[in-house]
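Participant: please work out how this folds:
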Amino acid sequence: MPSSTTSAAVSDDRRDTTPYEAAVQNIPGDYGHPFFGPISDRYDYYYNQGEVEFFKARMKKHQSTVFRCNMPPGPFTAKNPRVICLLDAVSFQTLFDNSKVEKKNLLDGTFMPSTAFTGGYRACAFLDTCEPNHSALKSFFLSTLAKKHDKFITIFRQSISTMFSGLEDEFSAKGSAYFNDLSDRMSFDFVFRLFCDKHPSETPIGPDGQKLVDLWLFCQLHPLMTLRLKYFPNFLEDLLLHTFQLPFFLVKSKYKKLYNAFYNSAGSILDEAEKMGLKRDEACHNLVFLAGFNAYGGMKTLFPGLIKWVGAAGEDLHRKLRDEIRSVVKSEGGVVTVAALNKMTLTKSTVYEALRIEPPVPYQYGKARQDLTVRNHESSFLIKKGEMLFGYQPIVTKDPLVFKNPEEFVADRFVGGGEELIQYVYWSNGRETEDPTTENKQCPGKDLVVLLSRLMLVEFFLRYDTFQVVSGKLLAGSSVTIKSFTKAT
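Facilitator: Reported below is the predicted structural model:
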């Protein structure tokens, strides 16, 4: 792993990212035939090139980080697949400016799942900041999380302790442990206990809560997925996954079970929602969405990605992390607290680097509220009112004009002088140096995500000295298997 001096040098080596005044350029790229163009781009995106190469090839072709193309899923599922890509650290920030872009029904991009999946309501994540209910629901989320803040560490440590026991049992039985399944069970357990003050096993959903959510998520998001099955024809998968949306009735009974568990167990939270003027059932559907889609859905990619990159970094980083973590915890009397976490600078930097190199949410969308000018590092471009803007975060957060060696995982990138680069770690629908409010679309649990990621590393290295992983690609995020580990001595 490069030394901390390397990371500190990044800020000195980085070019100024403040865009200069430049003549307005035409946006390169086109959409092709209204029907066949989107299908061609979809095949390139999923099968011929893959997501990253799809964008890199067009950036190279057009010699620009701003260009036009079609985004999946395309015909039938999406009414208008046409977007303008913003693939650098400067132009991408336009998507955070709610005075310039509208976010109505754009959470999933160029299509929107049926509101049947959320009880007939448009969940807060689909509301624009100008819609009256957005402020009320976002305030409800922020208030709920604030009231639960003193339980974050305690509940997470209890949940993760069970996960590690399962990991060691599976390893003893099989010689390896599939981290994703263990992490998913732990994540749902944590989320449900946080909001409902009881274990899922104490409710009718039992031990299968994460499976209920997985099916519910799949039926909403399948147009954005590819199964990558070796012997399954691409054209058949494309027809089944990307051409039509699956109907809600396929998961209606499962969602009802999930909804009822929250409705019957989160009474105090729903009481507060009613006091804030929200309808009880609407608040509950939004709570299920927050817990299942935003929180658990995010953790499904967040934790495996973190463990993959840290595991692959090797024993030198593991030694530095465990030395820092154990030393700080010992100095705090053996107690893991927020104050202790704040003293772990390398641990904090490692988490931000994992968020930078593999953002748990790869896409951001916005629709221009009016004609506006967007600038990247070199040029300016005119965007017309109503045009769709799109950013692919895994490329944006590897902008070579911001980050030195952007494709490399540099755990201490944000230590010392490198801390100023945290503002360019985009993953939460906002700048990392800003806070979620009722007036913006930033993830209400942004700070909780960072806290839990740091806790994941702390708990890992309090128990183990080092570990090895084998990783692959899933529908969303990384597949991670623990191949070996050494217990703390």
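
Participant: what's the following helix or strand after the longest helix seen in the chain?
Facilitator: If you go by DSSP state H, the chain has its longest helix at helix 152-174. Where DSSP states H and E defines the elements, the next helix or strand beyond helix 152-174 is strand 177-178.

Participant: that next one pairs with which strands, parallel or anti?
Facilitator: Strand 177-178 has the following strand partners under DSSP bridges: strand 478-487 (antiparallel).

Participant: ok and the partner strand relative to helix 152-174, angle-wise?
Facilitator: Interaxial angle of strand 478-487 relative to helix 152-174 (axes from the mean of the first three to the mean of the last three C-alpha atoms, to 10 degrees): 80 degrees.

Participant: list the contacts of strand 478-487.
Facilitator: Identification of contacts with strand 478-487 by C-beta atoms under 8 Å, 6 or more residues apart in numbering yields 167, 171, 176-180, 301, 304-305, 307-308, 311, 358, 463-473. Using the backbone N, CA and C atoms, a C-beta is placed for each residue, glycine as well.

Participant: please repeat the previous calculation with a cut-off of 6 Å.
Facilitator: 176-179, 304-305, 307-308, 464-472 (C-beta atoms under 6 Å, 6 or more residues apart in numbering).

Participant: please list only the buried members of the residues you listed.
Facilitator: Burial by neighbour count, judged by 16 or more other C-beta atoms under 10 Å, picks out 177, 179, 304, 305, 307, 308, 464, 466, 467, 468, 469, 471 from the contacts of strand 478-487.

Participant: what ranges in this structure fall below the confidence cut-off?
Facilitator: Residue ranges of the chain with pLDDT under 70: 1-22.

Participant: now go through the buried ones among the contacts of strand 478-487 and say which are in helices.
Facilitator: Short answer: the buried ones among the contacts of strand 478-487 in helices (DSSP H) are 179, 304, 305, 307, 308.

Participant: how far away is the last one from residue 319?
Facilitator: Counting by C-beta to C-beta, to the nearest Å, the gap from residue 308 to residue 319 is 19 Å.

Participant: what helix or strand does the closest residue to residue 124 other than its chain neighbours sit in?
Facilitator: Excluding the flanking residues, the one nearest residue 124 by C-beta to C-beta, 6 or more residues apart in numbering is residue 137, at 3.8 Å. Per DSSP H and E, residue 137 falls inside helix 132-147.

Participant: tabulate the ones in helices among the buried ones among the contacts of strand 478-487 in a markdown table, adding columns for distance to residue 389.
Facilitator: Listed next are those as a markdown table, based on distance: C-beta to C-beta, whole Å:
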| residue | distance to residue 389 |
| --- | --- |
| 179 | 35 |
| 304 | 29 |
| 305 | 25 |
| 307 | 33 |
| 308 | 30 |
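
Participant: show me the two of the residues you listed that sit farthest apart.
Facilitator: Pairwise distances across those peak at 10.7 Å for 179 and 305 (criterion: C-beta to C-beta).

Participant: which SS state does residue 28 fall under?
Facilitator: Secondary structure assignment for residue 28 (DSSP: H, G, I helix; E, B strand; the rest coil): coil.

Participant: please apply the same query to residue 239.
Facilitator: helix.

Participant: swap in residue 382?
Facilitator: Of the three states, residue 382 takes strand under three-state DSSP.

Participant: repeat that for residue 281.
Facilitator: Per three-state DSSP, residue 281 ends up helix.

Participant: what number of residues lie near it?
Facilitator: 14 (other C-beta atoms under 10 Å).

Participant: do the one 4 residues further on as well
Facilitator: Residues within reach of residue 285, counting by other C-beta under 10 Å, total 23.

Participant: what does residue 311 give?
Facilitator: 24.

Participant: so where does it fall, helix or strand?
Facilitator: helix 297-313.

Participant: just to revisit the earlier point, check what contacts the helix holding residue 137 and list those residues.
Facilitator: Contacting residues not belonging to helix 132-147 are listed as 124, 127, 269, 273, 276, 286, 290, 438, 444 [C-beta under 6 Å, 6+ apart].

Participant: which of those fall in helices?
Facilitator: 269, 273, 286.

Participant: now, among the residues you listed, which is nearest to residue 25?
Facilitator: For the ones in helices among the contacts of helix 132-147, the nearest to residue 25 is residue 286 (41.8 Å; C-beta to C-beta).

Participant: mind listing what that closest one touches?
Facilitator: Residue 286 makes contacts with 123, 124, 137, as judged by C-beta under 6 Å, 6+ apart.

Participant: and of those, the nearest to residue 399?
Facilitator: Residue 399 lies nearest to residue 124 out of the contacts of residue 286, by C-beta to C-beta, at 30.0 Å.

Participant: tell me, how many residues neighbour the closest one?
Facilitator: By other C-beta under 10 Å, 25 other residues sit near residue 124.

Participant: would you mind measuring from it to residue 287?
Facilitator: Residue 124 is 10 Å from residue 287, by C-beta to C-beta.

Participant: coming back round to it: could I have the buried ones of the contacts of helix 132-147 as ChimeraX selection syntax?
Facilitator: Buried members of these, defined by 16+ other C-beta under 10 Å, are picked up in ChimeraX with:
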select :124,127,269,273,286,290,444
